[in-house]
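# sequence plus predicted model, see below.
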Amino acid sequence: MQATRTVPIVFTYVSDSVGSGFVAGLARPGDHITGFHNFEPAISGKWLEVLKQIAPGVRRVAVVHVPDIAANVALLHAVEAASTSGITVTGTGVRAAADIEPALTAFARVPNGGLIITPSPLTTTRRELIIASAARRSLPAVYPFRFFCESGGLVSYGIDHMEQVREAASYVDRILRGAKPGELPVQLPTKFELVVNVKTAKALGLTIPPSLLQRADQVIE
């Protein structure tokens with residue numbers, strides 16, 4: 001956007017295009033940019049639900065997030081979703097990789113804890129560090145994308161990245177045929193996938209409910 005005000009831009013993997021100042025509104029982005037969100041704030045209630053199902057002993061949940069970015073909205077919705085569940089939800093802010101170990105160490109000092117990992121460049125690129133740290137502290141965790149489970153995470157619930165790229169390609173095609181980017185609405189995610197890592201569950205001493213396994217789009221053995 002800083003480089004050009006004329007070349008069309010189609011984005012993917014953006015959490016809050018309006019809050020980030022990329023577009024004027026979702027229905028009519030305006031100017032030369034449009035795209036697809038990778039995150040729906042209300043999904044955090046689903047993360048909490050999945051965590052309760054897979055680890056019913058959890059009474060405390062830390063929402064690991066990077067402060068001052070759109071993923072903070074996930075924390076607010078998780079708090080709202082937990083208000084009648086008997087689970088205490090707190091925010092755990094991390095701004096750099098060096099913050100992760102101390103934050104999880106402090107949280108794990110009290111038993112019956114679990115984690116919700118919000119999407120961000122930091123949590124994505126440092127996912128192996130987060131997964132290993134959670135495992136060492138026997139903290140069950142819900143992650144935002146499939147590749148966290150493929151790296152050893154317990155369970156994930158989030159968008160299908162490849163499907164979003166295909167949808168973005170359809171917007172590129174329409175723009176090349178003459179459509180104006182600013183008139184193509186920004187799309188919120190509508191398709192989500194549940195992935196469960198059985199091996200990690202066994203290592204944590206957890207028994208995954210059959211109902212959760214039946215709903216899973218992928219089960220990693």
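Alright, I've got the coordinates. Residues are numbered from 1 along each chain as shown.
# ok, residue 137 to residue 102 distance?
Shown here: residue 137 relative to residue 102, a distance of 12 Å by Cβ to Cβ, to the nearest Å. Quick note: C-beta positions are derived from backbone N, CA and C, even for glycine.
# show me the contact partners of the helix ranked longest in the chain.
Longest among the helix segments of the chain by residue count, using DSSP state H, is helix 161-176. Contacts of helix 161-176 with the rest of the structure, by Cβ atoms under 8 Å, 6 or more residues apart in numbering, involve 8, 10-13, 34-36, 38, 145-147, 179, 181, 184, 187, 189, 191.
# quick check: residue 98 is in a helix.
Yes - assigned with DSSP: H, G, I helix; E, B strand; the rest coil, residue 98 falls within a helix.
# neighbours around it, how many?
11 (other Cβ atoms under 10 Å).
# let me know the pLDDT of it.
In this prediction, residue 98 carries a pLDDT score of 97.
# now it: how far from residue 66?
Using Cβ to Cβ, residue 98 is found at 13 Å from residue 66.
# quick one: the strands in this structure?
Along the chain, the segments classed as strands by DSSP state E run 9-14, 33-37, 60-65, 88-93, 113-117, 141-143, 155-159, 192-197, 218-220.
# and the ones you listed, which is most packed in?
Looking across the strands of the chain with neighbours counted as mean count of other Cβ atoms under 10 Å, the highest average goes to strand 141-143: a mean of 29.
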